[in-house]
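K.L.:
Everything below, folded, please.
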Amino acid sequence: MNVLLDYQVILLPKKNYWKWVRACSKYVIEFGANLTDDPQSAISYMAPSQVITFPSGVDLFPDHDDVESWLREVAPGVRLDPVAVRSTKELKAALSKRIDDDDRYGQKQKSFYMLWPTDYPVITQAFGANPQIYRRFGMPGHEGLDIRALTNTNVYSCAGGTVYEVHTNPKDHPYGIHVRVRHKDGYRTVYGHLARALVSVGQSIDAGQVLGKADSSGASTAAHLHLTLERDGATARKETKYPKDVLDPTPFMVWPDRSRKKSLPSLTWPAGRCLVGGRTWEKTKLTACDLDLARSADLEAVQIEASESAMNVARLRQIRPGMLIIARLNSDLSGGPVSPGDFVAEIARDLKRMAAAGVNYFEVTSQPNLQSDGWGRSWRSGYEFGEWFQEVLGALRDVEPQVRFGFPGLAQGADVVSWRGDADRFLAEAQAAADASDWIGVSFYGAPPAPNWEKVLTRLLASYDASFPGKLLFLSLDDQEYAGVDPVSRTRSLTALFRRLRNERNLGAAFCYDFAAAHGHDGSESRQAASQSLSAAKALGQRDF
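P.N.:
From the prediction side, this is the model:
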């Protein structure tokens, strides 16, 4: 699971609750934290990716003698951020200092803290995870943090210190090429699975200094950074249950600003806002009714099949000269394996034809974690799809070097036997391919009137934004929530969704208006239904944003 620490909830005492709220007000405005006086709500909020911040003074939570110990017992794995205060005045002062120091979780107030060591604020394997794997090595669980880092991107020292070991053989150690640094107060850090080290033994280094380039050397299956924290004598003093003085680095980490730039370029978005978009269904083409609806709804973007006619592309441009058009490059992947060469050979003609018609954005296949779209047939994991995708990407760029190719949206959800591969795992495994693309597609299942749609959408977009900072995203909505919903109510809900997304960072367009849903999935409709659909589209076209 990818772990993101932007989901913060502040647990406050029930007694004098609103006084505690006022003490937090500036901090909440600054960092966007949520508030509750219910411990169970704090535990369930965005679990297990949240941080629970709370005043830890005695008797503040009468139902629990030691609220910190209770939380650790009932919510193992959830990040806790206790603030050592006993009153609202002390809490206000402590949080104000965090604001002044730009120190959201207070790590900089500790005698030793660690800066983030890569350009990617994502943990791909937490400390203590997968005990069944690490038990054979004498460890209770994973002995460090696995942090996202692509091949040959920077690895930074978490703190100032002195390099005491540089291991340069990529094959004779589980960490492969790695660097060990000694810090103050007996702390030591290890940076594993590097492509190469850029420091030498005995060298003094500063916090944030580049000490190597990331890779997948040693016992590793994909590029990432393994970070271990140790402290002299920690095991003997019983500061840790781990042997070899290994500590959990997580409480020491200063989480980076999500706007921090990667060492890879990203595509800028000239429009500067999220465009209102519609789409055709896969393997269908635009009809005269669709074009009428696009005009009435005043659509700013449309997603079509690459097999669409050049005439219809021209008609869309007549409706709106600057309309963004994205074409899906699809092949039949539901049968036997399709090689990258065979895929490119099949879609190259449509690619050239659409590019000649002025289409500059193309999505390369769709929902590759579904069996009907190649999973289990042409690839068996995100790693294999990533290799397939990058070979296709290189060939397509040779054919049309001026256009922009996108990594496809995934079918969201966990593993379903013989149907779908887990979306989070698939994306993590294919991370290098997604970064190599010009933009990334995001598929969203659920919208108004679905319950909790905004929370789910916010979390999904935040996950992509944190995993691929600055990367241009295009969102496609699955319209299953609108089955049986009349066109007017549907359009009202969609207008609210488009308004919510208008200024979403790094989101280029939202394709949430489905032509087939507007006039019946079978392509036929009564005269009354057609009139309702057209009226609903006009209502969307009269939006005030």
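K.L.:
CA-only coordinates of the strand or helix carrying residue 512, as CSV, when you get a sec.
P.N.:
In this structure, residue 512 sits in strand 507-514 according to DSSP states H and E. Presented in CSV, the C-alpha positions along strand 507-514 are these (Å, rounded to 0.1, in the frame of the first residue of the first chain):
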residue,chain,number,x,y,z
LEU,A,507,-6.1,18.1,-13.4
GLY,A,508,-6.4,19.0,-17.1
ALA,A,509,-9.9,17.8,-17.8
ALA,A,510,-12.7,15.7,-16.4
PHE,A,511,-14.6,13.5,-18.8
CYS,A,512,-17.7,13.1,-16.8
TYR,A,513,-20.4,13.7,-19.4
ASP,A,514,-21.1,10.3,-21.1
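K.L.:
element containing residue 475?
P.N.:
strand 473-478.
K.L.:
what does that strand contact?
P.N.:
274, 279, 303, 326, 361, 363, 406, 409, 439-447, 461, 464-465, 497, 501, 506-512, 514 (C-beta atoms under 8 Å, 6 or more residues apart in numbering). For every residue, glycine as well, the C-beta is placed using N, CA and C.
K.L.:
Over to stretch 364-373?
P.N.:
Here stretch 364-373 has contacts from 282, 328-331, 333-334, 343, 374-375, 377, 379, 382, 385, 389, 392-393, 396, 405-411, 418-423, 426, 437, 441, 443, using C-beta under 8 Å, 6+ apart.
K.L.:
make it 7 Å
P.N.:
Residues from elsewhere that reach stretch 364-373 (C-beta atoms under 7 Å, 6 or more residues apart in numbering): 282, 328-330, 333-334, 374-375, 385, 389, 392-393, 405-406, 408-411, 418-421, 423, 426, 443.
K.L.:
Need phi/psi at residue 110.
P.N.:
Per-residue torsions, residue 110: phi -90, psi 160 (degrees, to the nearest 10).
K.L.:
List the ones among the contacts of stretch 364-373 that fall in strands.
P.N.:
Using DSSP state E, 328-329, 405-406, 443 are the members of these that sit in strands.
K.L.:
picking up where we left off before, note down every partner strand of the strand holding residue 512 and its orientation.
P.N.:
Strand 507-514 has the following strand partners under DSSP bridges: strand 275-279 (parallel), strand 473-478 (parallel).
K.L.:
Now, of the contacts of strand 473-478, which are buried?
P.N.:
274, 279, 303, 326, 361, 363, 406, 409, 439-447, 461, 464-465, 497, 501, 506-512, 514 (16 or more other C-beta atoms under 10 Å).
K.L.:
Show me the beta-bridge partners of the closest residue to residue 510 other than its chain neighbours.
P.N.:
Nearest residue to residue 510, sequence neighbours excluded (C-beta to C-beta, 6 or more residues apart in numbering): residue 475, at 4.4 Å. Residues in a beta bridge with residue 475, per DSSP bridges, are residue 442, residue 510.
K.L.:
Quick check: the gap between residue 475 and residue 228.
P.N.:
Residue 475 is 38 Å from residue 228, where distance means C-beta to C-beta, to the nearest Å.
K.L.:
What of residue 437?
P.N.:
Distance from residue 437 to residue 228, by C-beta to C-beta: 32 Å.
K.L.:
which SS class is the closest residue to residue 75 other than its chain neighbours?
P.N.:
Excluding its sequence neighbours, the residue lying closest to residue 75 (C-beta to C-beta, 6+ apart) is residue 43, at 4.7 Å. Classification of residue 43 by DSSP: H, G, I helix; E, B strand; the rest coil places it in helix.
K.L.:
Surely residue 43 and residue 73 touch.
P.N.:
No: contact criterion C-beta atoms under 7 Å: residue 43 and residue 73 do not qualify, at 11.0 Å.
K.L.:
of those two, who's got more company?
P.N.:
Between residue 43 and residue 73, residue 43 has the larger neighbour count (other C-beta atoms under 10 Å), namely 18 against 10.
K.L.:
can you pull the contacts of that one?
P.N.:
Contact analysis of residue 43 by C-beta under 7 Å, 6+ apart lists 74-75, 78.
K.L.:
roughly how far apart are it and residue 61?
P.N.:
13 Å.
K.L.:
circling back to that earlier point, want to throw the ones in strands among the contacts of stretch 364-373 into CSV with pLDDT and distance to residue 31?
P.N.:
As requested, the ones in strands among the contacts of stretch 364-373 are exported to CSV (pLDDT from 0 to 100; distance: C-beta to C-beta, whole Å):
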residue, pLDDT, distance to residue 31
328, 96, 39
329, 96, 41
405, 96, 36
406, 96, 32
443, 92, 29
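K.L.:
now, the most widely separated pair of these?
P.N.:
For these, the farthest-apart pair by C-beta to C-beta is 405 and 443; their separation is 17.3 Å.
K.L.:
Could I get the pLDDT score of the closest residue to residue 356 other than its chain neighbours?
P.N.:
In space, residue 356 comes closest to residue 310 once its chain neighbours are excluded; the distance is 7.5 Å by C-beta to C-beta, 6+ apart. What the model reports as pLDDT for residue 310 is 94.
K.L.:
didn't residue 310 look like it was pressed against residue 355?
P.N.:
No: if you go by C-beta under 7 Å, residue 310 and residue 355 don't touch, sitting 10.6 Å apart.
K.L.:
Of these two, which one has the most company?
P.N.:
Between residue 310 and residue 355, counted using other C-beta under 10 Å, residue 355 has the larger neighbour count: 17 against 13.
K.L.:
Not including adjacent chain positions, what is the nearest residue to the more buried one?
P.N.:
residue 400 (4.9 Å).
K.L.:
can you check residue 382 too?
P.N.:
Computed as C-beta to C-beta, 6+ apart, the closest residue to residue 382 that is not its neighbour in sequence is residue 429, at 2.8 Å.
K.L.:
pLDDT score assigned to that neighbour?
P.N.:
Looking at residue 429, the pLDDT reads 85.
K.L.:
tell me the contacts of it?
P.N.:
By C-beta under 7 Å, 6+ apart, the neighbours of residue 429 are 222, 381-383, 386.
K.L.:
And the furthest pair within the residues you listed?
P.N.:
222 and 381 (10.2 Å).
K.L.:
Of those two, which one has the most company?
P.N.:
residue 222 (20 against 17).
K.L.:
where does residue 159 fall, phi/psi-wise?
P.N.:
According to degrees, to the nearest 10, residue 159 has phi -160, psi 160.
K.L.:
Good, we can wrap up now.
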